[in-house]
Structure formats: structure tokens, C-alpha cells
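**Q** one predicted model, sequence on top.
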Amino acid sequence: MPHLKIEYTANLDAHTDIGDMCRALSHTLVTLQDAAGVLVFPLYGTRVLAYPAERYAVADGEQSRAFVYLNLRITPGRGPELVQKIGDTLLEAARAYLAPVMDKLPLRLTLHIDATPPGYEGKFTN
């Protein structure tokens, strides 16, 4: 962990490179440090995946409207101040990346962080 899932309206593909945004947000996550200067997330556990919604209705259904939903799943145990810092930093990085699009399209950007313990977690690595 962390795993960041991005759901977005497909109309954004004509205005920005979502793959590049994934790389930018991954970089944000793997370089984030806590108050003591320790990296918050493990490099090899970080995943950023994006899924376009080909069919969508945002607000009144006007097709020029855009939406980006970021859902960050992290393991529990981090204090509320650190989770706030994670959220603020990630949301600001996404907002900065999408700023040129926000000048062209009405766009809503939302971040939701889940820090719930898994019912089961199995892992394999080669």
C-alpha cells in the first residue's frame, strides 16, 4: 500500500495525459515524508491505476463537464495529522497537474482516503 485508484470522465483524455498524471501522483506518494523526515509509503507497494468512464453524467449531464475521483487506500495506523498531510499533499498535486484542464472545462476533483484493516491480505513477489 498505498493504492490510488483514479476514476475519471473520458472527456479528459482529449485535454490531458492521464498516464502522466498517474506517474506524477505516484512520485508524490513515494516521496512524501512524515514530520521526522521518514518516507510515509514503501516504494514497491505503491500503485496508481486510472479508469476512464466512457459513459457518464456529471451534474446536469452536459458532456463538457468533467470529474476526477481519487480513492487512496492505505493501511491503518497513521495518525490523523499525517493522514491530513497525505490528503492535502496528494490533492494539491492532482489539482496542480489538472490546472490547465480546469481553465478549459468545468471539473470536479475529489479525494477520498480509506484506512481500513483488510479482512485478509495475501502477497506474492518474485
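**A** Looks like it came in fine.
**Q** and the residue nearest to the spatial centre of the chain, what is it in contact with?
**A** Central residue of the chain (Cα atoms, centre = their mean): residue 70, 4.0 Å from the mean position. Residue 70 makes contact with 4-6, 25, 90-91, 94, 109-112, according to Cβ atoms under 8 Å, 6 or more residues apart in numbering. For every residue, glycine as well, the C-beta is placed using N, CA and C.
**Q** quick one: the strands in this structure?
**A** For the chain, applying DSSP state E gives strands covering 3-9, 47-53, 66-73, 107-114.
**Q** ok, which of the ones you listed comes nearest residue 122?
**A** strand 3-9 (15.0 Å; Cβ to Cβ).
**Q** averaged pLDDT, stretch 95-103. What do you get?
**A** In this model, stretch 95-103 carries a mean pLDDT of 97.
**Q** quick check: buried residues in that stretch?
**A** By neighbour count on 16 or more other Cβ atoms under 10 Å, the buried set for stretch 95-103 is 97-98, 101.
**Q** which member of these is positioned nearest residue 117?
**A** Nearest to residue 117 among the buried residues of stretch 95-103 is residue 97, at 30.8 Å by Cβ to Cβ.
**Q** many thanks, have a good one.
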